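Peer 1: here is a sequence together with a model predicted from it:
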Amino acid sequence: MSKKVTCGILIKTDDGFLLCHPSGRGYDKGCYDIPKGCKEEGETEFNCMARELKEETGLIIPSEQFHYIEDLGRYRYTKEKDIHLFYAETHKIDATKLYCSSELDNGKKEHDSFMITEDLEYCFRSLQNIFRLKGYINYARKQKEEDSVPSTQEEVVRND
């Protein structure tokens, strides 16, 4: 039996990484996610990621907003699921304008807020392990140390 595949994207802006807050969770480290979702039959990994990004944030990819997109490949995510990851860069994302149109079975939006942060340890642990492997968590820490100027407070925007 083949594993299910979820497809997602890690987006880096000039100010940090875009993270989504799943409805009904705490706001501590380890409680945030990236835009992602299950691949439908016949759908390519890229098309799945693009569909989920639009549903969960309103952002459209490919577009002129993103100046770099990379296919990072497939990784073990959970016992039941693998994740196919993409990475993109853009200069700015206004988190106040992001909107999740995807609803859960209980009628709540799948994500209730968004964050731009350099600290990927806010992500689920299963994602943190992949981001460490790819060097994104160490990269963010190294950038903070090299900057020597205090970074701006992380921005959390609720979209209830």
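Peer 2: Right, received. Where do you want to start?

Peer 1: identify the residues contacting the residue nearest to the spatial centre of the chain.
Peer 2: Most central in the chain under CA atoms, centre = their mean is residue 34, positioned 2.0 Å from the mean C-alpha point. Neighbour list for residue 34: 8, 9, 10, 11, 18, 19, 20, 123, 127 [criterion: CB atoms under 8 Å, 6 or more residues apart in numbering]. No exception for glycine: its C-beta is placed from N, CA and C like everyone else's.

Peer 1: do that again at 10 Å, thanks
Peer 2: 8-11, 17-20, 49, 52-53, 56-57, 83, 85-86, 120, 123-124, 127, 131 (CB atoms under 10 Å, 6 or more residues apart in numbering).

Peer 1: could you do residue 58 as well?
Peer 2: 97, 98, 99, 100, 101, 159.

Peer 1: of all the residues you listed, which two lie farthest apart?
Peer 2: 97 and 101 (13.4 Å; CB to CB).

Peer 1: list the residues that contact both of the two?
Peer 2: In terms of CB under 10 Å, 6+ apart, residue 97 and residue 101 are both contacted by the residues 57, 58.

Peer 1: pull the CA atoms of stretch 116-126 into CSV?
Peer 2: Provided in CSV are the C-alpha atoms of stretch 116-126 (Å, rounded to 0.1, in the frame of the first residue of the first chain):
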residue,chain,number,x,y,z
ILE,A,116,6.1,36.0,9.3
THR,A,117,9.0,34.8,11.4
GLU,A,118,12.7,33.8,11.2
ASP,A,119,12.1,31.1,13.8
LEU,A,120,11.0,27.9,12.1
GLU,A,121,10.8,26.1,15.4
TYR,A,122,7.2,27.5,15.5
CYS,A,123,6.4,24.7,12.9
PHE,A,124,5.2,21.2,13.7
ARG,A,125,8.1,19.0,14.8
SER,A,126,7.8,16.8,11.8
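
Peer 1: buried stuff in that stretch?
Peer 2: Neighbour-count burial for stretch 116-126 flags 116, 117, 118, 119, 120, 121, 122, 123, 124 (criterion: 16 or more other CB atoms under 10 Å).

Peer 1: please apply the same query to stretch 6-25.
Peer 2: Quick answer for stretch 6-25 (16+ other CB under 10 Å): 6-13, 15-23.
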